[in-house]
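attaching a predicted model along with its sequence, questions to come.
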Amino acid sequence: QNFLVTALEVVIVLLLLTFSFYHLAYANKTLPGLYISGTNFSGLTESEVDRKLDAMEEVVMTPWVLVIGETPYKISSDSLGLTFEKVLTKSRLFSAGRSTNIIESFSDKFYALTTGLYIEPIYTIDEDALKSSVDDIVLESSKDYKNAKYLLVEGGQLMIEPHEQGFSID
């Protein structure tokens with residue numbers, strides 16, 4: 001019976017030591033197993049996170065090309081009112097597994113270590129700018145349908161003006 005008590009004490013001490021070392025090792029770093037948009041953010045310092053988020057922002061802010069029919073329309077993130085909220089995303093990344101709720105904190109750490117914890121990046125979008133950009137593209141790319149019609153030209157000849165295909169976006 002003394003052996004079981006001693007073994008239990010050893011296991012508890014080892015778990016506490018492991019838990020303590022884990023927290024010390026990642027005190028100023030992101031936890032292992034954290035991902036944003038498929039990019040691994042495990043065990044990174046604040047400056048390393050900043051560099052990776054800057055690279056993500058660069059990709060997001062790259063102009064997009066929307067092709068309607070055969071016409072390409074270049075759309076900038078600014079014209080859509082799209083903003084990558086780097087500071088909020090970084091805050092979410094560093095707060096993962098560090099909740100004041102012990103169960104939530106343990107759950108985040110467990111998932112991060114076993115299957116990976118996927119953090120959603122935070123974006124804001126200006127609805128009015130988005131609507132304005134979309135309306136401009138719809139207006140520019142739309143073409144009214146015209147029916148074919150008969151025309152009486154000089155000399156009494158009857159000609160047919162062919163129809164024209166239209167195109168509109170709902």
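Thanks, I have the structure now.

what's the average pLDDT for the helix ranked longest in the chain?
Identified as the longest helix of the chain according to DSSP state H is helix 2-25. Helix 2-25 shows a mean pLDDT of 83.

what is the subsequent helix or strand relative to it?
Beyond helix 2-25 on the C-terminal side, the first helix or strand identified by DSSP states H and E is strand 34-36.

so where do the strands sit in the chain?
34-36, 39-40, 64-68, 71-75, 82-84, 117-119, 123-125, 149-153, 157-161 (DSSP state E).

low-confidence regions, the chain specifically.
For the chain, applying pLDDT under 70 flags no range at all.

center of it - which residue?
Pro121 (5.1 Å; CA atoms, centre = their mean).

can you pull the contacts of the closest residue to that residue other than its chain neighbours?
Closest residue to Pro121 apart from its sequence neighbours, by CB to CB, 6 or more residues apart in numbering: Thr89 at 4.9 Å. Every residue, glycine included, has its C-beta placed from N, CA and C. Under the criterion of CB atoms under 8 Å, 6 or more residues apart in numbering, the neighbours of Thr89 are 36, 53, 119, 121-122.

please indicate which of those are buried?
With burial judged by 16 or more other CB atoms under 10 Å, the buried subset of these is 36, 53, 119, 121-122.

let's have these in JSON lines, adding distance to Leu66.
Listed next are the buried ones among the contacts of Thr89 as JSON lines, based on distance: CB to CB, whole Å:
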{"residue": "Ile36", "distance to Leu66": "25"}
{"residue": "Leu53", "distance to Leu66": "26"}
{"residue": "Ile119", "distance to Leu66": "28"}
{"residue": "Pro121", "distance to Leu66": "22"}
{"residue": "Ile122", "distance to Leu66": "24"}
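
before we move on, back to that, give me the distance between the residue nearest to Pro121 and Val10.
Thr89 is 42 Å from Val10, where distance means CB to CB, to the nearest Å.

now swap in Phe167 and tell me
76 Å.

also Ser77?
Distance from Ser77 to Val10, by CB to CB: 57 Å.

repeat for Leu66
Separation of Leu66 from Val10 (CB to CB): 64 Å.

list the buried residues of stretch 120-132.
121-122.

ok, stretch 97-111 next?
The neighbour-count check on stretch 97-111 (16+ other CB under 10 Å) flags 97, 108-109, 111 as buried.
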